[in-house]
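Peer 1: Got a predicted structure here, sequence first:
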4 protein chains.
Amino acid sequence: MADPHPNTRLEAFCDGVFAIALTLLIIDIKVPTAEGIGSTRELWLALKRLGPSIFAFILSFAVILITWVNHHRFFRQVNKSSPSFVYANGLLLLTVVFMPFPTAMLGEYLMTDHAAPAVVTYNAVTVVQAIAWILVARSARRLTKDEKAAALIRDGNRNGYMAVVVYSLLALLAFWFPLTIAIVTTLLWAYWLVFSLQAE
Amino acid sequence: MADPHPNTRLEAFCDGVFAIALTLLIIDIKVPTAEGIGSTRELWLALKRLGPSIFAFILSFAVILITWVNHHRFFRQVNKSSPSFVYANGLLLLTVVFMPFPTAMLGEYLMTDHAAPAVVTYNAVTVVQAIAWILVARSARRLTKDEKAAALIRDGNRNGYMAVVVYSLLALLAFWFPLTIAIVTTLLWAYWLVFSLQAE
Amino acid sequence: MADPHPNTRLEAFCDGVFAIALTLLIIDIKVPTAEGIGSTRELWLALKRLGPSIFAFILSFAVILITWVNHHRFFRQVNKSSPSFVYANGLLLLTVVFMPFPTAMLGEYLMTDHAAPAVVTYNAVTVVQAIAWILVARSARRLTKDEKAAALIRDGNRNGYMAVVVYSLLALLAFWFPLTIAIVTTLLWAYWLVFSLQAE
Amino acid sequence: MADPHPNTRLEAFCDGVFAIALTLLIIDIKVPTAEGIGSTRELWLALKRLGPSIFAFILSFAVILITWVNHHRFFRQVNKSSPSFVYANGLLLLTVVFMPFPTAMLGEYLMTDHAAPAVVTYNAVTVVQAIAWILVARSARRLTKDEKAAALIRDGNRNGYMAVVVYSLLALLAFWFPLTIAIVTTLLWAYWLVFSLQAE
């Protein structure tokens, strides 16, 4: 089979995983069960208590969407494939697929006295994701379409090392200041979103 | 990589999200557990109590399907991409992915005395969706394939502002008349379905 | 955008829905919780009690797979689109997406004294699916690629009316003889599988 | 419709199923509910108890990813289709879709006294998967693009018979030595991963 572009199926597979991980986030926002609700006012209060879950849902939705956009841009520079490239992508997908777990942790514990494990877990996953990006970029070195693309990827890789350091620091500080770190993490991703919006 | 059409991967990604959001609606129709069932008659009654859930499932299935058809038609007018277009689409997808939550709310509370929060939430999500459509249309202004396509999108945008006003009004009125508004909402989408069937 | 084939995106969307509906079937096979298990022997017995759920999973997997194969064959005859064709496909997808519910019903109640509602529901969904096929075929009348394709679809349509009658009869008889009808239904789909294997 | 490559839609369908099965693995890693947690220390301990679930998640993620890579490589040798090829692929997908169940079993029971049923089930599914691969390879005999591809598939088929024997033996031994077999299974898949990384 004369495949015009060897990454078409890998791209489609990754897109599928991104799309499903994004959509699965919703199943952790649980509707309050009718048994526990005595009045309409109580239902409004129960909805209000879902606040942290909805915040976590929107944050993770944005994180996965930004990651997908970066993935999309990255793949435009690459026009060959290799086994190590495929498996490095696999590791990246593993961290994306894992996102619903720290998201649900955040929703359940952010506004309680036990927020630290939730925020640490959330940032730890982004550390592993940053490492996966480095492996993807390294394995793509000889797969770029031209020299300009190779330079772009080398630049991105440098930011990748930076990201590992920053997210590790955030994960570490979250042991003591979970709420502050949750806010910093959110602002960081908001910044990434704005940055990504102005790119190209 | 010489991409013949820059939106192919964005389209495929959106389609994936639409398809999964549609399919996930089913997981909120819970089978009555065998423990609570003493006779076959009781099981029939338990199935009958699923009525509101099945109604909400069909309504949201129709809403997402119509949104997908509109999305499909919209993308045929566009043959370029931009970061703001991608993220405006991301916001639209967020409202689609969120649909299972108000759907489950409707299934749980529509036939109770506490229907208001469910119907308000449902219509509030459609308000955000209408706003997302406006942002998608605005960001697509310079991405259309020709002048006729641009005019089509400008017309659609005008309807978009109308939709925001109408759905906001419905969401507001649902605080006092939830059941009536649920019926009006259903009829409105039924009208959209018939309208969409006769289009083209 | 010069779309070479107007149904590419509809096909991809339908494939996504088929693939997800197929995969979601697994979430109704619940692992026995460790709390209720006192010995390894008890765990084996708990696994054995999952028998009806696993049977229902395999049956519905086969039903959706056969439906996908038929859908795939059908679409090869069609090379145009229309709004009514898209929405008739939507109704077909609704019945596919709904499958996990009667499947879980079958798993929960097949081996109890209350099997009738489960088997009736299962066959009722196949009745609606057969009706959806008729609507898909009718709406595709003027969309076929040539006269031979149109004749093929007319023939299939005749079988469709037959299917509505047969499944309705099975659904009706399941009120009194649920187990027998479950076996007949299984054999019928096994026959369809063998028939489909020898086709082409 | 002049389909340039008859397996495009089958490939896309399989990719969808692989991607969803991969992503659904996460829903069996349950967040500890806030009610049972009295102190932050207790939450850390609850997270630690998720160890087996996270191990099982990563193992199954790797198994499905490797299977997808093999599937991808296999399909590059094939450029025709047949009903038996489609249904043999269907059986392979059934074993992939089933993976979340033995994965959840492993997570729930691996570190308890009742690990045997979990490990036996896990390896039994891989036995059925190896059989499905043999059927896929057999049905693809006359569908290969050239003689070299046919030879490649015949070689793979020989390994397939080997795999059935080895996995059956592992499943059998897991009745008595579940933990040892869990470790051997993990090492075996780690070996496959390294082997697959060096291929091509």
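Peer 2: Everything's here; your move.
Peer 1: How much space separates residue A:168 from chain D?
Peer 2: 19 Å (C-beta to the nearest C-beta, to the nearest Å). In this view, the C-beta of every residue, glycine as well, is placed from N, C-alpha and C.
Peer 1: Just the element for that residue, please.
Peer 2: Using DSSP states H and E, residue A:168 maps to helix A:147-173.
Peer 1: And the contacts of whatever helix or strand comes next after that helix?
Peer 2: Next in sequence after helix A:147-173, counting helices and strands by DSSP H and E, comes helix A:178-198. For helix A:178-198, contacts defined as C-beta atoms under 8 Å, 6 or more residues apart in numbering or on different chains pick out A:59, A:62-63, A:66, A:69-70, A:106, A:110, A:115-116, A:118-120, A:122-123, A:126, A:166, A:170, A:173-174, B:83-84, B:87.
Peer 1: Just the buried ones from those, in ChimeraX syntax?
Peer 2: Selection of buried members from the contacts of helix A:178-198 for ChimeraX, criterion 16 or more other C-beta atoms under 10 Å in any protein chain shown:
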select /A:59,62,63,66,69,106,110,115,116,118,119,120,122,123,126,166,170,173,174 /B:83,84,87
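Peer 1: Go back to the contacts of helix A:178-198 and keep what's next to chain D.
Peer 2: Counting by C-beta under 8 Å from any C-beta of the partner chain, residue A:116 from those sit close to chain D.
Peer 1: Please narrow the contacts of helix A:178-198 to those residing in strands.
Peer 2: Nothing among those maps onto strands, per DSSP state E.
Peer 1: Show me the shaky parts of chain A.
Peer 2: A:1-5, A:200 (pLDDT under 70).
Peer 1: For chain B, what's the nearest residue on chain A?
Peer 2: As assessed by C-beta to the nearest C-beta, chain B sits closest to residue A:19 within chain A, at 3.3 Å.
Peer 1: What's the separation between residue A:12 and residue B:11?
Peer 2: 12 Å (C-beta to C-beta, to the nearest Å).
Peer 1: should've said residue A:113
Peer 2: 46 Å.
Peer 1: Those two - which one has more neighbours?
Peer 2: Shown here are residue A:113 and residue B:11; by other C-beta atoms under 10 Å in any protein chain shown, residue B:11 has more neighbours (20 against 12).
Peer 1: which residues touch residue A:93?
Peer 2: By C-beta under 8 Å, 6+ apart, the residues touching residue A:93 are A:14, A:17, A:18, D:22, D:65.
Peer 1: could you say what helices and strands the helix or strand hosting the third one packs with?
Peer 2: Right, the one you point to is residue A:18. Assigned by DSSP H and E, residue A:18 falls within helix A:8-24. Counting contacts by 3 or more C-beta pairs under 8 Å, 6 or more residues apart in numbering or on different chains; DSSP states H and E, helix A:8-24 packs against helix A:51-75, helix A:83-98, helix B:8-24, helix B:83-98, helix D:8-24, helix D:51-75.
Peer 1: follow-up on the earlier one: check the contacts of residue A:93 and tell me the two furthest apart.
Peer 2: Maximum pairwise distance in the contacts of residue A:93, criterion C-beta to C-beta, is 14.9 Å, between A:18 and D:65.
Peer 1: When those two are compared, which one has more neighbours?
Peer 2: residue A:18 (26 against 22).
Peer 1: was I right about that one contacting residue A:68?
Peer 2: Yes: assessed by C-beta atoms under 8 Å, residue A:18 is found in contact with residue A:68 at 4.5 Å.
Peer 1: what do these two both touch?
Peer 2: In contact with both residue A:18 and residue A:68: residue B:13, using C-beta under 8 Å, 6+ apart.
Peer 1: show me the contacts for the closest residue to residue A:64 other than its chain neighbours.
Peer 2: Excluding the flanking residues, the one nearest residue A:64 by C-beta to C-beta, 6 or more residues apart in numbering or on different chains is residue A:22, at 5.0 Å. By C-beta under 8 Å, 6+ apart, the contact set of residue A:22 is A:61, A:64, A:65, A:68, B:17, B:93, B:97.
Peer 1: And the furthest pair within those?
Peer 2: Spatial extent of those (C-beta to C-beta) is set by the pair A:68 and B:97 at 13.2 Å.
Peer 1: got the contact list for the closest residue to chain D within chain A?
Peer 2: At 3.3 Å from chain D, residue A:16 is the closest residue in chain A, using C-beta to the nearest C-beta. When contacts are counted by C-beta under 8 Å, 6+ apart, residue A:16 touches B:16, D:15, D:16, D:18, D:19, D:20.
Peer 1: Would you confirm that residue A:31 contacts residue B:108?
Peer 2: Yes: counting by C-beta under 8 Å, residue B:108 is a contact partner of residue A:31 at 5.4 Å.
Peer 1: Which residues of chain A lie near chain C?
Peer 2: residue A:20.
Peer 1: Leaving out the residues flanking it, which one is nearest to residue A:79?
Peer 2: When the adjacent residues along the chain are set aside, residue A:79 lies closest to residue A:145, with 4.3 Å between them (C-beta to C-beta, 6+ apart).
Peer 1: if I look at the residue nearest to residue A:64, how far off is residue B:93?
Peer 2: Residue A:22 is 7 Å from residue B:93, by C-beta to C-beta.
Peer 1: now residue A:112
Peer 2: Residue A:112 is 30 Å from residue B:93, by C-beta to C-beta.
Peer 1: and the residue nearest to residue A:126 when sequence neighbours are not counted, what does it touch?
Peer 2: Nearest in space to residue A:126, with sequence neighbours left out and distances taken as C-beta to C-beta, 6+ apart, is residue A:167 at 4.7 Å. Residues in contact with residue A:167, defined by C-beta under 8 Å, 6+ apart, are A:123, A:126, A:127, A:130.
Peer 1: I'd like those written out as a markdown table, with distance to residue C:101 added.
Peer 2: Shown next, in a markdown table, are the contacts of residue A:167 (distance: C-beta to C-beta, whole Å):
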| residue | distance to residue C:101 |
| --- | --- |
| A:123 | 39 |
| A:126 | 37 |
| A:127 | 40 |
| A:130 | 41 |
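Peer 1: any idea which of these is closest to chain C?
Peer 2: residue A:126 (27.2 Å).
Peer 1: which residues touch the closest one?
Peer 2: Counting by C-beta under 8 Å, 6+ apart, residue A:126 has contacts A:63, A:95, A:167, A:171, A:185.
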